[in-house]
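Enquirer: Structure, please.
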Amino acid sequence: MSDLFNLQRKVDQYKEILGNTRAYRQTWKDSLKQEIIDALERMAKDTNLDAKVEVKSELENLEAIVLSLGDAKSGMFQMVNDSIKRHLIKNNGALIYQQLFNGKIIVLINYPYIESYGQPSPPKTIAIYRPEELKSPFLTRHMEEFVTEITNWEDYDDDEPNKRLGFQLNFQNNVEELD
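Expert: This next block holds a predicted model:
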């Protein structure tokens, strides 16, 4: 039996992790999902942030709560001909709380992007939490970080040389030719 001691410890740990997954999923269903929805809606309302909270529930135990700033005309358009303009649509960004396969919650920021104008930035992972760790002060901090990140995206300039948006991305070859 002593030669199976380490194996037994690993099996016990595995069973504990499986139990945690079941418990995390149940906590999401019983309370956490609604707590997050309520907190996001309250913060958006209290700060006059034009946002909509949606639940994406196509897959059981892989749901996501999305605080979206929606879509809008970007103000840019392509001239199809003298009388027709094709507007480029801008997605204004989103804050996402999504269940992972193991019942933990990943928090992500989807940056704004303009269709047909460069590539969308990959989402930023804020953190991964066990359900009992995700308390109200964290939700407020996530909203603050989200608003900061999208504000920085909207106010992009050359103060951050590692970012490649807009003119630099779409017209880089033309700029080099002018030098």
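Enquirer: which helices and strands does the longest strand anywhere in the chain pack with?
Expert: The longest strand of the chain (DSSP state E) is strand 71-79. If you count contacts as 3 or more CB pairs under 8 Å, 6 or more residues apart in numbering; DSSP states H and E, strand 71-79 packs onto strand 85-91. From N, CA and C alone the C-beta is placed, and that goes for glycine too.
Enquirer: right, and the helix or strand after the strand it packs on?
Expert: For strand 85-91, the succeeding helix or strand toward the C-terminus, using DSSP states H and E, is strand 94-99.
Enquirer: I figured Ser121 hits Tyr111, correct?
Expert: Yes. In terms of CB atoms under 8 Å, Ser121 counts as a neighbour of Tyr111; the distance is 4.3 Å.
Enquirer: where do the helices sit along the protein?
Expert: Ranges of helices in the chain, per DSSP state H, are 5-27, 33-46, 136-154, 166-170, 172-178.
Enquirer: Need those in TSV (columns: mean pLDDT, distance to Ile126 and mean neighbour count).
Expert: Listed next are the helices of the chain as TSV, based on pLDDT from 0 to 100; distance: least, CB to CB, whole Å; neighbours: other CB atoms under 10 Å:
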stretch	mean pLDDT	distance to Ile126	mean neighbour count
helix 5-27	96	18	12
helix 33-46	97	13	16
helix 136-154	95	6	15
helix 166-170	46	25	12
helix 172-178	43	31	8
